[in-house]
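Chemist: Sequence and computational prediction follow.
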Amino acid sequence: MSGDPNPPPSGPSVSGASVHRESRWLGQGYADITKLREIAAKHERLSTRAQQRAARINTRIEKLRHQAAILREKAQKVLGMIPDKESEIAQLDRDISAISARTGGAPIGSDATSLHYRVRKLQQKIVDLQHKARTYDHRAAMRTQKTAELKIKSDRYLETSKLEEAEAVSYRQRADRLQAATEGEVAARLGTSSGGSAAPPPPPPESL
């Protein structure tokens, strides 16, 4: 039989190209897995960052609540001083009435004017105490309002944290599924390759 003594090595070249394509496919698969895990890590970082901000805001909220409670206690303490002043005024009014009764309508003397002066001073102190208490209450109300605003901000950060964590879980699951599929494909190809090499070569064709 006359044939080409040097046939082209078609088998090895086809096999090498196939191996190259498989290697490139596997490399791309592992690159995709790495990218998915990188994105998941990014979302996890954003989630913990939002939690960190929420925690700091909650600490500030508790501090403001504590300050508001102290201010309200001070306001109550100041208001508690007013009844004693009112009792003193009532006693001075009785003393003034007694002096007026003794004089029988005579011009007011120094004793009565001194008592009137003390009454006016006590009334001024009562007004000052009331103003001081209202100032404490106002400051406490401002801090309470601030806590309400910060609570809304904290809730937003916590909601952002949950959303970012959900995104991270989603990307991790996608990476796990892709990795499982890639590893399964690799195992199947390795099994096919080892099985093919272990098989006995086919018998030579019979000569005519």
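Modeler: Thanks, I have the structure now.
Chemist: how many other residues sit next to I70?
Modeler: 14 (other C-beta atoms under 10 Å). C-betas here are computed from N, CA, C, even on glycine.
Chemist: With adjacent residues omitted, what lies nearest to A40?
Modeler: Using C-beta to C-beta, 6 or more residues apart in numbering and skipping the chain neighbours, the partner closest in space to A40 is Y171 (3.8 Å).
Chemist: nope, V119 is what I meant
Modeler: L92 (5.0 Å).
Chemist: Work out for me the element the one you found sits within.
Modeler: Using DSSP states H and E, L92 sits within helix 82-103.
Chemist: Who are the packing partners of the helix or strand just after that helix?
Modeler: Remark: after helix 82-103, the chain's next helix or strand is helix 110-198, criterion DSSP H and E. Using 3 or more C-beta pairs under 8 Å, 6 or more residues apart in numbering; DSSP states H and E, the elements in contact with helix 110-198 are helix 10-79, helix 82-103.
Chemist: quick one: average confidence on helix 110-198?
Modeler: On average, the pLDDT along helix 110-198 is 88.
Chemist: circling back to that earlier point, surely the residue nearest to A40 and T34 touch.
Modeler: No - using C-beta atoms under 8 Å, Y171 is not in contact with T34, being 11.6 Å away.
Chemist: got the angle for the helix holding L92 vs helix 110-198?
Modeler: Interaxial angle of helix 82-103 relative to helix 110-198 (axes from the mean of the first three to the mean of the last three C-alpha atoms, to 10 degrees): 170 degrees.
Chemist: tell me what helix 82-103 is packed against?
Modeler: helix 110-198.
Chemist: Could you figure out how far the helix it packs on is turned away from helix 10-79?
Modeler: 170 degrees.
Chemist: just the CA coordinates of stretch 34-48, formatted as PDB?
Modeler: Output of stretch 34-48 as PDB, limited to C-alpha atoms (Å, rounded to 0.1, in the frame of the first residue of the first chain):
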ATOM      1  CA  THR A  34     -12.900  34.600  43.800                       C
ATOM      2  CA  LYS A  35     -14.800  37.600  42.400                       C
ATOM      3  CA  LEU A  36     -18.000  36.500  44.000                       C
ATOM      4  CA  ARG A  37     -16.300  36.000  47.400                       C
ATOM      5  CA  GLU A  38     -14.700  39.400  47.100                       C
ATOM      6  CA  ILE A  39     -18.000  41.100  46.500                       C
ATOM      7  CA  ALA A  40     -19.500  39.100  49.500                       C
ATOM      8  CA  ALA A  41     -16.600  40.300  51.700                       C
ATOM      9  CA  LYS A  42     -17.300  43.900  50.600                       C
ATOM     10  CA  HIS A  43     -21.000  43.600  51.600                       C
ATOM     11  CA  GLU A  44     -20.000  42.100  54.900                       C
ATOM     12  CA  ARG A  45     -17.600  45.000  55.500                       C
ATOM     13  CA  LEU A  46     -20.400  47.500  54.700                       C
ATOM     14  CA  SER A  47     -22.800  45.600  57.000                       C
ATOM     15  CA  THR A  48     -20.400  45.700  60.000                       C
END
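Chemist: Right, I'll call it a day here.
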